[in-house]
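Q: Here is my input, please return the structure:
(2 chains)
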Amino acid sequence: METETVIAIQDLRHRYKQHFALGSPASGGVSFTVERKSIHGFVGPNGAGKTTTLKILATLLKPQAGSVGVFGHDIVKDCKAVRRRIGFMPDHFSMYRQMTVFEYLDFFGAAYGLGLAERDKIIGDVLALTDMAGRKDDLINGLSRGMQQRVSLARVLVHDPDLLLLDEPASGLDPRARIELMEILEELRRLGKTIFISSHILSELATLCDHVTILDRGEVKYTGTMRGLIATSDGATTSYQLTLAAEHPATGDALSKLSGMKRVTPPLPNEARYTISFDPAQLSINAILGCVLEAGGQVVSFTEDVKHLNQAFMDLTEPGVRT
Amino acid sequence: MRSPLLALFIRSLRQDMRSGATYWARAGLGAFFLLVLLLFALTNSWLGAPGRWFFLSIIALQMVSITFVGLSYFASAIAEEKEEQTLGLLRMTGLDPLSILLGKSTSRLCGALLFVTAQLPFTIFAITLGGVSLREIAAAYCTLLAFTFLLCNVALLGSVLARRTAGAVAFCLCTPVLLGLVWGLLVGAQQWLSGYSQMHWVLGRMAAVIAAAEPVARLREVLGTGFSGSPIGRQVIVDVAFGLGCFLLAWALFERLCDRAPDKTFALGRVPPAVRNKGPTAAGNVLRRVNLRWLLPPRVWEKALLWKDFYFLHGGRTAFVIRSVLYGSAVLFSAWSLPAAGTPMSQAGVSMGVSSILSLVFSIDLAVTIGRIFRVEINEQTFTTLAVLPCSIREIANRKLLACLLALAPGAVCMIAGQILFLMDVGKQGAILFVSLLSDWATDILLGFVVVWFSLHLKRGAAPLGWVVTKALGAVSMGICEVVIMLTALAVSKNGLSTQRMVSSVFLAPALFGLLALGAAWMLRRMGIGKLEEIVREN
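A: Numbering: from 1, shown residues only, chains lettered A, B, ... in the order given. Predicted coordinates:
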């Protein structure tokens, strides 16, 4: 039975001529794991070491120190076994533009050793998934950038890999193409694929990913669930946003008097939104809502206060350019 | 502040000066000349006037090098900007056409001229070895420099006219043919108008000017015995004038033609999109009517890389048929029509001619074809997607080489046919010459790996450079092998060698050279795979 951990990186270090791309003597190496059937975001500023990590995972680069396992295989010793189970989409458009979409996919299917019948079936499936079935006889060169990216994704899927390594797949795409690409990735997750995605477009990662790793200057700043990253809760204090139908000062006063309530931030003028912080061990959500209703407030929404991924990213990464 | 007119020119010169490759190339050339010099010094006792032979070899080599390497080096000046669609960016900087032409082409010309003149100190040694005078050396170098100037500017004009470097190279290759035709027309018209003395004279002068542009005739005159003319002959003046004319024409046409971007969808062996897509285009209907669908590639073969390279890099069936027809008709035409036409050559002479021409054409075809197999993937950044396939870089390289061999198969088969004809015709000596032909094959194998190695390091010009380097080093190495074999044979034999045994020992040289060439090819193959792995890591 296979392990639930798809990628296991332990103390990974890589150095180019002038600088450490991953890890350093002072901070140690990069370590994190990626779970099966998850969409794992991989973010960091330029030069953080994302592409180096992806290249190592794609077996294009040998790690200089540390260990990298993919589906339990060592990427150096079992390189071919790893390659059969991964699909790598680099950050640049690398396509044979003189081929038709079908020829392109057929070529990669054959290169992965698939038989003719198997190729026909899987190419049909991936074309349907990427919504390119109607353009299969078109030359790749004649396609828009968004469509070329879909073909690129179809190429990654043609040998039915379990793990997709996507380096900036949405870069350069227009909003529609980007949204459609994200929908395809959602669909792939439902099909049981594990997706490791590097991107700069944080808003989309926030909605798409369930796990995230933040890398800065070759060091892991955060790795874990997306919820854990954006939640403001530290265990002892939880924050919620309470929006009322209209300004109602009595509700604010009533909430402040509750036992376990730590802070009630009054709304801005002409707004009826309170930010409340409380100790979840002493005070339940039901008790808070009961208090609001008793005070006569009309609740419009009551949601957990989360940080935007942008904010989390800015908090965790350092300003300036790596030297 | 420096004039903006020269900004790009000075930048290009600076880049050349700072590049390590410039100095390595010059050092390599110097070392090569010293090697040739050593070879001629060693054979001093066997050759009369070794300095003359040395100088002749160097000048012949330079002529070939300038023609082959210069073609791609100069022709890409503007065309490469068009291919990469960066010409618009250059123009946005406010550089006028003259600045761009000076920066992109004249800087290359300066580099080439410096490269030629840097050899002068080595060739002066020819005077010491004897058989050549300083006047002859000066005249030969003036001829070469003027020819370089002409070639650079013709290539620049081609580069402005064409959308791609290949088009510019084709323009350069067509220019001497066109000039030859014009010359023929002028001579014909001159004879026809012999009654009109003024027209007769004008046409005669024009024909003479065109004929004077040809550098080989001038070199023959300079290197013939007893040359005492001026180093700056008519050829120099005509070449410089033609070159200037081409530069001015390129300048005049630049504005009109600089926005022409290459059509990326076109590739030899591909059916235009209009034929594939069932859109109601007129062109598509016409092409469908003439049934060009057979040009379409079949389903992917089991050896997918072989299929991809054969159909999408080497032109597929179209190029295969064209090669078969051209090589095949060359063999048939040369082998049967020449003797039938009453040529006073022997059958062996004809077959040797066929064999030599086919070998030359095949080596050029090989260099051009093999020079693209990795370079195109690197330029278009597609090698990364191949590198993640479940096979090693070595396997990928081997499959790509196999596809190249498949594309070149018609040429190879015809060349072997020509060589078999030759061996059959020479009779008893065939066995000895067979070794020589094997060494030619070894040279071609080495040529392939040299070109591949250059193509991994250079963005452009790997094929001509690899061809010239292989041929030049091959000739020198063969000479060294002959000298070594002769000296060894003389040292081993106590009573001196009979002529028969000396000739036999010299024929051992191709065998030794063949082994050396194969060894070098094996080393280059290993280095090439290392370089490919480095490219995958860095891209």
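Q: Going by C-alpha atoms from here, please, whenever you check contacts or count neighbours.
A: Noted.
Q: The helix or strand of chain A with the lowest mean pLDDT and chain B in contact?
A: Lowest by mean pLDDT, DSSP states H and E among the helices and strands of chain A is strand A:20-22, with a mean of 75. No: with C-alpha under 8 Å from any C-alpha of the partner chain as the criterion, chain B is not reached by strand A:20-22; the gap is at least 12.8 Å.
Q: And the pLDDT for the spatially most central residue of chain A?
A: With distances taken as C-alpha atoms, centre = their mean, A:G41 lies nearest the centre of chain A, 2.3 Å away. Looking at A:G41, its pLDDT reads 92.
Q: Show me what it is bridged to.
A: Legend: beta-bridge partners of A:G41 under DSSP bridges are A:I197, A:V212.
Q: Could I get the contacting residues of it?
A: A:F196, A:I197, A:S198, A:S199, A:L205, A:C209, A:D210, A:H211, A:V212, A:T213 (C-alpha atoms under 8 Å, 6 or more residues apart in numbering or on different chains).
Q: and the least confident of those?
A: In terms of pLDDT, the weakest of the contacts of A:G41 is A:L205, which scores 82.
Q: which helix is the longest one in chain B?
A: Ranked by residue count, the top helix of chain B under DSSP state H comes out as helix B:499-538.
Q: residues of that one that come out buried?
A: Going by neighbour count (16 or more other C-alpha atoms under 10 Å in any protein chain shown), the buried part of helix B:499-538 is B:505-518, B:520-521, B:524-525, B:528-529, B:532-533, B:536-537.
Q: Around B:L421, how many other residues sit close by?
A: 20 (other C-alpha atoms under 10 Å in any protein chain shown).
Q: From A:S198, how far off is it?
A: With distances taken as C-alpha to C-alpha, to the nearest Å, B:L421 is found 63 Å from A:S198.
Q: And for A:L157?
A: Using C-alpha to C-alpha, A:L157 is found at 17 Å from A:S198.
Q: try B:F449
A: Using C-alpha to C-alpha, one gets 38 Å for the distance from B:F449 to A:S198.
Q: same deal with A:E183?
A: In terms of C-alpha to C-alpha, A:E183 sits 16 Å off from A:S198.
Q: Between the two, tell me which one has more neighbours.
A: In this comparison of A:E183 against A:S198, neighbours counted by other C-alpha under 10 Å, the higher total goes to A:S198 at 26 against 14.
Q: Surely that one and A:A170 touch.
A: No: using C-alpha atoms under 8 Å, A:S198 makes no contact with A:A170, being 9.5 Å away.
Q: so which helix or strand takes in A:T275?
A: Using DSSP states H and E, the element containing A:T275 is strand A:273-278.
Q: any idea how far that strand is from the chain center?
A: 29 Å (C-alpha atoms, centre = their mean, to the nearest Å).
Q: per-residue confidence averaged over that strand?
A: 88.
Q: quick one: contacts for the closest residue to B:S436 other than its chain neighbours?
A: Excluding the flanking residues, the one nearest B:S436 by C-alpha to C-alpha, 6 or more residues apart in numbering or on different chains is B:P510, at 5.3 Å. Applying C-alpha under 8 Å, 6+ apart to B:P510 gives the contacts B:V435, B:S436, B:L438, B:S439, B:M478, B:C481, B:E482.
Q: Reformat those into JSON lines and put neighbour count, pLDDT and secondary structure next to each item.
A: Formatted as JSON lines, the contacts of B:P510 follow (neighbours: other C-alpha atoms under 10 Å in any protein chain shown; pLDDT from 0 to 100; DSSP: H, G, I helix; E, B strand; the rest coil):
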{"residue": "B:V435", "neighbour count": "18", "pLDDT": "77", "secondary structure": "helix"}
{"residue": "B:S436", "neighbour count": "19", "pLDDT": "78", "secondary structure": "helix"}
{"residue": "B:L438", "neighbour count": "16", "pLDDT": "84", "secondary structure": "helix"}
{"residue": "B:S439", "neighbour count": "24", "pLDDT": "85", "secondary structure": "helix"}
{"residue": "B:M478", "neighbour count": "21", "pLDDT": "85", "secondary structure": "helix"}
{"residue": "B:C481", "neighbour count": "21", "pLDDT": "85", "secondary structure": "helix"}
{"residue": "B:E482", "neighbour count": "20", "pLDDT": "82", "secondary structure": "helix"}
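Q: what does the longest helix seen in chain A rub up against?
A: The longest helix of chain A (DSSP H) is helix A:175-190. Helix A:175-190 is contacted by residues A:K37, A:S38, A:I39, A:L129, A:T130, A:G146, A:M147, A:R150, A:A170, A:I195, A:E204, A:L208 when judged by C-alpha under 8 Å, 6+ apart.
Q: ditto for stretch B:449-458
A: Stretch B:449-458 has contacts (C-alpha under 8 Å, 6+ apart) with B:367, B:370-375, B:461-463, B:465-467, B:470, B:521, B:524-525, B:527-528, B:531-532.
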